[in-house]
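Participant: Have a look at this fold, sequence not included:
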């Protein structure tokens with residue numbers, strides 16, 4: 001019987017954990033993995049943004065039995081593996097066939113739900129903080145299924161201003177260099193030690209890279225470890241504001 005089951009709707013902002021799978025109350029069939037069902041196709045739909053389909057599929061743990069020449073359902077590797085499970089074959093031959101074949105990619109709805117959550121977290125960490133991913137399983141008959149991850153990133157959260165606090169004791173030239181060498185997409189503002197963001201998403205990887213740059217620069221400048229510094233991030237009405245507080249770890253340096 002052919003059918004489609006909405007498996008899960010992962011959208012818990014900033015945590016990346018899946019919400020409980022929605023029950024398929026209207027479906028007349030049992031859950032897709034109540035019997036052995038092979039995944040023969042995985043798809044990405046929706047708005048991928050900067051990631052390719054292959055990038056996103058490589059990020060998930062769900063498997064599929066690959067089709068020959070990418071033809072869905074034409075899976076000679078699986079049939080070679082299945083032939084290797086024939087007990088009438090000599091052990092060495094069966095083992096060889098299983099090694100070169102493609103082990104059945106059995107549907108596991110728990111893994112699929114986890115994959116949806118991982119994809120949602122990936123987009124949330126890249127600045128799409130309201131991103132949600134819907135995983136859907138289409139049963140194709142004959143013990144086969146297709147898994148589709150529908151990406152709905154929503155609007156990106158953008159950084160508004162970047163402030164570098166706690167470096168006031170450093171020489172003016174050092175302060176200026178620390179700010180101007182930023183890795184973020186931003187330009188100088190009228191206020192000292194402040195940048196105005198220009199198209200910078202609130203992406204965790206970018207912010208962590210900027211923090212690492214500051215730590216390395218301060219270690220070279222101040223001559224002491226600053227790994228214990230305190231980083232604060234806060235939201236404001238206009239956008240996102242990042243405040244780096246180094247008061248506790250920087251010595252007082254007079255100009």
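Facilitator: Ah, there it is. What you see is a predicted model, and the numbers here were worked out from it, not measured in a lab. Numbering: from 1, shown residues only.
Participant: Before we go further, residue 122 is sitting in a strand, right?
Facilitator: No - Residue 122 is assigned helix when assessed by DSSP: H, G, I helix; E, B strand; the rest coil, not a strand.
Participant: Could you count how many residues lie near it?
Facilitator: Using other C-beta atoms under 10 Å, residue 122 is surrounded by 20 other residues. The way it works is simple: take the backbone N, C-alpha and C, and place the C-beta from them, glycine included.
Participant: repeat for residue 166
Facilitator: For residue 166, using other C-beta under 10 Å, the count is 19.
Participant: again with the one 3 residues further on
Facilitator: A total of 16 residues lie near residue 169 under the criterion other C-beta under 10 Å.
Participant: Am I right that it sits in a helix?
Facilitator: No - assessed with three-state DSSP, residue 169 is coil; it does not lie in a helix.
Participant: State the distance from it to residue 215.
Facilitator: From residue 169 across to residue 215, the span is 17 Å (C-beta to C-beta, to the nearest Å).
Participant: Could I get the buried residue list for stretch 167-174?
Facilitator: 167, 169-170, 174 (16 or more other C-beta atoms under 10 Å).
Participant: now, the most widely separated pair of the residues you listed?
Facilitator: With C-beta to C-beta as the measure, no two of those lie farther apart than 169 and 174, at 9.8 Å.
Participant: Please enumerate the helices of the stretch 101-250 of the chain.
Facilitator: 109-125, 172-180, 204-222 (DSSP state H, counting those that start in this stretch).
Participant: Now the buried residues of stretch 167-174 in TSV, please, with extra columns for distance to residue 36.
Facilitator: Putting the buried residues of stretch 167-174 into TSV (distance: C-beta to C-beta, whole Å) gives the following:
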residue	distance to residue 36
167	61
169	67
170	65
174	65
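Participant: Reformat those as TSV; add distance to residue 119 and pLDDT.
Facilitator: As requested, those are exported to TSV (distance: C-beta to C-beta, whole Å; pLDDT from 0 to 100):
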residue	distance to residue 119	pLDDT
167	38	87
169	44	86
170	42	87
174	42	89
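Participant: Tell me the one of those nearest residue 122?
Facilitator: Nearest to residue 122 among the buried residues of stretch 167-174, with distances taken as C-beta to C-beta, is residue 167, at 32.8 Å.
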